[in-house]
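Asker: quick one: sequence plus predicted model below, questions after.
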Amino acid sequence: MCRVRTTKCTQSMSQSSINDDNADAPESVAAGTSQFARRAVRLARDLASGAARQTADFLVPPVCISCRTPLTRHHALCPTCWIDVDFIRAPICDVLGTPLPFETGRTTVSAAALAAPPVYDRARSVAQHTEVMRNLIHDLKYGDRTDGVATFGKWLAIAAQDFANETDVIVPIPLNRWRLWSRRFNQAALLTHALARETGWTVDTRALDRIRRTRSQVGLTANQRRTNVSGAFRVAARAREMIRGSGVLLVDDVLTTGATLNAAARTLRAAGATRVNVVTLARVVAPVQPTL
């Protein structure tokens, strides 16, 4: 009797197990179908993207952003132009970011920085303002050549990596509204957004106002540059609370004498910024005079 009951019980349990497996089967099939569908959609998207890229490359062939030599990808320099960019590498002055003649093995401040400390804390630049970089910046500012901005953002992110723990907000040097109207865009703001895309840092392109029209700095002496931009900037009323107690990273295209960036840094410090660092695409570096 017990043996019959046990057999029936075992058969009942086996049938229940089969029923449970059958109940899970549709879910497994559905899951597999869903996974297959996702893969199919991803493949179709990749194929469409690849076709779109090929079409775009056919319509607008990739060329060097400097000399226009044909390339295999967009937003890049050809090998010849790349070699001619004077990238600024260590060793550098920790304050000015200018190249030093030799490595000391420790943080070094140049004689120029000691003799005339800037208003800002530290500066970094991607490269020296020599032929290729000078042409790239000129084409950006005056030729509406924005095809290199994505690349410039990557370069700026590398140059500014020393400021990662000191930056709360990045702010471009503003243009006077009449110059902005004639040029249609602020190249420093474009560089700021490109840098932010690489770093994820907060951007405020309107934190600084240029409250008076200034002459172009091109061709002016160092003293004339300082006079020209003195009192030219103001922290926007809506940005004062944000600037107070913050570390600010100023962005501009070229650092020449530092007059513009010093004037902007002075304004930010007066508004309560705790640190003001600077990053530029290029900087003018005085040639090293040989010593006898």
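Answerer: Arrived safely, thanks for sending.
Asker: quick check: residue 265 touching residue 276?
Answerer: Yes. With contacts counted by Cβ atoms under 8 Å, residue 265 reaches residue 276, the gap being 4.3 Å. The way it works is simple: take the backbone N, C-alpha and C, and place the C-beta from them, glycine included.
Asker: quick check: which element contains the residue nearest in space to the middle of the chain?
Answerer: Centroid-nearest residue in the chain, with Cα atoms, centre = their mean: residue 195, separated by 1.4 Å. Per DSSP states H and E: residue 195 is located in helix 187-199.
Asker: packing partners for that helix?
Answerer: The contact analysis (3 or more Cβ pairs under 8 Å, 6 or more residues apart in numbering; DSSP states H and E) places helix 187-199 against helix 131-142, helix 149-159, strand 169-172, strand 247-255.
Asker: tell me which residues in the first one are buried?
Answerer: By 16 or more other Cβ atoms under 10 Å, the buried positions in helix 131-142 come out as 132-133, 135-137, 139-141.
Asker: quick check: which ranges of this protein have low pLDDT?
Answerer: Along the chain, the parts satisfying pLDDT under 70 run over 1-38, 40-59, 215, 219, 287-292.
Asker: show me where it has its helices.
Answerer: All helices of the chain, identified by DSSP state H, fall at 2-59, 79-83, 111-115, 131-142, 149-159, 177-183, 187-199, 222-229, 240-243, 259-270.
Asker: ok, the nearest residue to residue 102 once chain neighbours are set aside - how many residues close by?
Answerer: With Cβ to Cβ, 6 or more residues apart in numbering as the criterion, residue 102 has its nearest non-adjacent residue at 6.7 Å, and that residue is residue 91. Residue 91 has 15 neighbours, counted by other Cβ atoms under 10 Å.
Asker: so what's residue 91 up against?
Answerer: 99-100, 102-104, 108 (Cβ atoms under 8 Å, 6 or more residues apart in numbering).
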